[in-house]
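Student: Fold the following, please.
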Amino acid sequence: MVVVSETKARTVGDVAKLTGVSVRALHHYDEIGLVVPSRRSPADYRLYADSDVERLLQVLTYRELGFPLEQISTLLDDPSADAMTHLRRQHELLQQRIGHLQRMVGAVEKMMNSKKSGINLTTEEQAEIFGDNWPGDEYAAEAEQRWGDTDAWKQSQQRAANYTKEDWQRLKDENDALLARIADAFRSGVEPGTVEAAEIAAAHRESIGAHYDCSYEMQWCLAEMYVADERFTRYYDDQAPGLAQWLHDVIVANARAHGATEATWS
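Tutor: Below is the predicted model of the structure:
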């Protein structure tokens, strides 16, 4: 809040610096009778008293609230309203504006979180499809920090932004089916390097391709994460103990069979 001294008459330049209003705007307010300085200097310069600055601040508040100048003039010159009435009215309007802005901030934050996770869904829709404990924003922030400069990350964000709720539900169903297929192959004793294991690795790579183009080297890199990051390990081992390590071995064997020599995101 601007505190105005009671002992000083201010020039247009002083008031402009004090309030942030341009000199041109102050001249215009004077010309239309909205904020008229109480005094003039011997050289005919405008001089503003404290009461003039107070009126200007009221004008600025109403302007911030979206009122046109004509209506502001009517409000301030209403003979039935005193200064306290104006202040109460402005306080009420500001509270309403704050509430509106807070709701807008909440809506923008939801949009930001949606963009950050790469999933064009509301929080409720994400919970409906992926479950209440889906840590989409947490994983997305971590992934962006680690791979935000890679082409794969940029590609995944572009594709995710175009997916509808139905697309995400379909991808979730396909992923669940693939996970069950992987677990069944593991329980059946399929060995890495076999034809059936190669088919599993191919299906896994194809599922990643829904998000970004996945080379054998990149798939190998993912496989390393499955055994190095306990969150991924737990995801697979909850289906069958040892599944994460087995899937890793299946993917690595298949990647090597296709000429890959190391795990890389390049």
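Student: in which helix or strand would I find Ala197?
Tutor: If you go by DSSP states H and E, Ala197 is part of helix 195-208.
Student: Name the residues of that helix that are buried.
Tutor: For helix 195-208, a neighbour-count test (16 or more other CB atoms under 10 Å) marks 197-198, 200-201, 204-205, 207-208 as buried. For every residue, glycine as well, the C-beta is placed using N, CA and C.
Student: Give me the three-state assignment for the residue of the chain most remote from its centre.
Tutor: Farthest-out residue of the chain from its mean C-alpha position, per CA atoms, centre = their mean: Pro42, at 57.0 Å. Under the three-state scheme (DSSP: H, G, I helix; E, B strand; the rest coil), Pro42 adopts coil.
Student: Please list all residues in contact with Ala197.
Tutor: Going by CB atoms under 8 Å, 6 or more residues apart in numbering, Ala197 touches 185, 190-191, 250, 253-254.
Student: Can you flag which of these belong to helices?
Tutor: Among those, the residues falling in helices (DSSP state H) are 185, 250, 253-254.
Student: Any chance of CSV for those, columns neighbour count, distance to Tyr163 and pLDDT?
Tutor: Output for the ones in helices among the contacts of Ala197, formatted as CSV (neighbours: other CB atoms under 10 Å; distance: CB to CB, whole Å; pLDDT from 0 to 100):
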residue, neighbour count, distance to Tyr163, pLDDT
Ala185, 21, 28, 96
Val250, 26, 28, 96
Ala253, 18, 32, 96
Asn254, 25, 27, 96
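Student: so how many other residues sit close to Tyr226?
Tutor: For Tyr226, the count of nearby residues is 20 (other CB atoms under 10 Å).
Student: Would you indicate which residues of the helix or strand hosting it are buried?
Tutor: Tyr226 belongs to helix 216-228 when assigned by DSSP H and E. Neighbour counts over helix 216-228 (16+ other CB under 10 Å) mark 216-223, 226-227 as buried.
Student: And for stretch 232-249?
Tutor: Going by neighbour count (16+ other CB under 10 Å), the buried part of stretch 232-249 is 232-233, 236-237, 239, 243-249.
Student: Quick check: the farthest pair among the residues you listed?
Tutor: Between any two of the buried residues of stretch 232-249, the greatest separation by CB to CB is 15.9 Å, found for Gln239 and Asp249.
Student: Can you give the distance from the helix holding Ala197 to the centre of its chain?
Tutor: 35 Å (CA atoms, centre = their mean, to the nearest Å).
Student: that older thread, which among the buried residues of helix 195-208 gets closest to Lys172?
Tutor: Nearest to Lys172 out of the buried residues of helix 195-208 is Ser207 (CB to CB; 11.1 Å).
Student: Now the closest one. Nearest residue, chain neighbours left out?
Tutor: Once flanking residues are discounted, Ser207 sits nearest to Leu178: 5.5 Å by CB to CB, 6 or more residues apart in numbering.
Student: Neighbours of that neighbour, how many?
Tutor: Leu178 has 15 neighbours, counted by other CB under 10 Å.
Student: secondary structure element for it?
Tutor: In this structure, Leu178 sits in helix 165-187 according to DSSP H and E.
Student: could you give the angle of that helix to helix 195-208?
Tutor: Taking axes from the mean of the first three to the mean of the last three CA atoms, to 10 degrees, helix 165-187 and helix 195-208 form an angle of 160 degrees between their directions.
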